[in-house]
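Peer 1: Structure here, sequence nowhere to be found:
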């Protein structure tokens, strides 16, 4: 099994780019820990309360802590804002950061709707600032090599993608995952991973079909999405918030297939099989910490290069993915408060 992860010779520490963390929840803590462990400059954190911000700053050795988001966004030591709040707040907070002249890394799902996503992306372009969706999976070493394997034709023509994301999450109706006011449901939290994965390896679908079952609060509990493509390819994508699962991904080609190990969304490994069922390549790589630093390296690379979009996940694709999510929601009847 090979171990040929793309090596980053990051000059994060030398770059002087200051990161501001907007939100102090668990995903923000994971991201901050990965930044600190990999030489990035953590400049400030903002939370809804000063106590929460102070505790977060102490845990991650961050020099500035603010009990509101506006102070964080306007901190002159901050160059990039990482938006780690619930989905309904992403667009408003990203826009505020961009208007303050900050580059932005926005947690997935990027926004609530494609209309919000377009507003964010158009503003970033107008201001000459980088905006990037924090779909961290895209930059992990196994995904870098997976795209190379597909481009090399090791499994022939890619025909079918199966990807799942199932979690046993809290059933409390007031919990964020079940709360429509906070963008709850399986789609935006869990489904975004397999949907973005299908976009990554197959591109834009030409047709979408969705089937779903709701929770008692009205958000989607379990959803299956079928993407169709002009050349006959298909992607079968399944996700649920009340059932645990192995979370595997399989790609089937005319000359073989690829199996990504369970937990494919995070650092993982995979095996490549030929049509006879023989392993022809294995990939595994040690990834330090949780692996969220790779997306930060990408954003800093774009900033230093003076470009607004990369090839792996350009802002226009984040908008298009949100259009796919909008269509899934339309088909399953999932509407959030305040939508027209």
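Peer 2: Yep, that arrived. Bear in mind the structure is a predicted one, so any value in this text is a computation, not a measurement. Numbers count the residues shown, from 1 in each chain.

Peer 1: pLDDT score for the nearest residue to residue 100 once chain neighbours are set aside?
Peer 2: The shortest distance from residue 100 to any non-neighbouring residue, by C-beta to C-beta, 6 or more residues apart in numbering, is to residue 73 (4.8 Å). C-beta here means a position set from N, CA and C on the backbone, and glycine is covered the same way. At residue 73, the pLDDT value in this model is 98.

Peer 1: Which parts of this structure are helices?
Peer 2: Taking DSSP state H, the helices of the chain run over residues 12-15, 26-37, 50-60, 69-73, 90-99, 114-127, 141-152, 186, 192-202, 293-305, 315-332.

Peer 1: Okay, the nearest residue to residue 129 once chain neighbours are set aside and residue 163: tell me how far apart.
Peer 2: By the measure of C-beta to C-beta, 6+ apart, the closest residue to residue 129 outside its immediate chain neighbours is residue 103, 5.2 Å from it. Computed with C-beta to C-beta, to the nearest Å, the distance linking residue 103 and residue 163 is 30 Å.

Peer 1: Over to residue 80?
Peer 2: 30 Å.

Peer 1: Ok, residue 146 next?
Peer 2: Relative to residue 163, residue 146 is positioned 12 Å away (criterion: C-beta to C-beta).

Peer 1: Give me the more crowded residue out of these two.
Peer 2: When residue 146 and residue 163 are compared on other C-beta atoms under 10 Å, the one with more neighbours turns out to be residue 163, at 26 against 23.

Peer 1: Can you get me a residue count around the residue nearest to that one when sequence neighbours are not counted?
Peer 2: Among residues not flanking residue 163 along the chain, residue 194 sits closest, at 3.7 Å (C-beta to C-beta, 6+ apart). Other residues near residue 194 number 25, with proximity taken as other C-beta under 10 Å.

Peer 1: ok, now which ones touch residue 194?
Peer 2: If you count contacts by C-beta atoms under 8 Å, 6 or more residues apart in numbering, residue 194 has them with 163-165, 225, 235, 237-239, 249.

Peer 1: Can you name the residues in contact with stretch 46-61?
Peer 2: Residues outside stretch 46-61 that contact it (C-beta under 8 Å, 6+ apart) are 20-24, 28-29, 32-33, 36, 42, 44-45, 62-69, 71-73.

Peer 1: if I look at the spatially most central residue of the chain, how far off is residue 110?
Peer 2: With the centre of the chain defined as its mean C-alpha position, the nearest residue by C-alpha atoms, centre = their mean is residue 135, 2.0 Å away. Between residue 135 and residue 110 the computed distance is 8 Å (C-beta to C-beta).

Peer 1: Quickly list what's touching both of these two.
Peer 2: When contacts are counted by C-beta under 8 Å, 6+ apart, residue 135 and residue 110 have residue 318 as shared neighbours.

Peer 1: hey, what's the closest residue to residue 154 other than its chain neighbours bridged with?
Peer 2: Spatial nearest neighbour of residue 154, chain neighbours left out: residue 272 (5.6 Å); criterion: C-beta to C-beta, 6+ apart. Beta-bridge partners of residue 272, counted by DSSP bridges, are residue 258, residue 281.

Peer 1: any idea which of the helices of the chain is most buried?
Peer 2: Between the helices of the chain, the one whose residues have the most neighbours on average, counting mean count of other C-beta atoms under 10 Å, is helix 186 (a mean of 28).

Peer 1: Can you name every helix or strand that that helix contacts?
Peer 2: Contact analysis of helix 186 by 3 or more C-beta pairs under 8 Å, 6 or more residues apart in numbering; DSSP states H and E lists strand 220-228 as its packing neighbours.

Peer 1: Report the inter-axis angle for the strand it packs on versus helix 192-202.
Peer 2: When axes from the mean of the first three to the mean of the last three C-alpha atoms, to 10 degrees is applied, the directions of strand 220-228 and helix 192-202 differ by 10 degrees.

Peer 1: tell me which residues of strand 220-228 are tucked away?
Peer 2: Under the neighbour-count criterion of 16 or more other C-beta atoms under 10 Å, strand 220-228 has 220-225, 227 buried.
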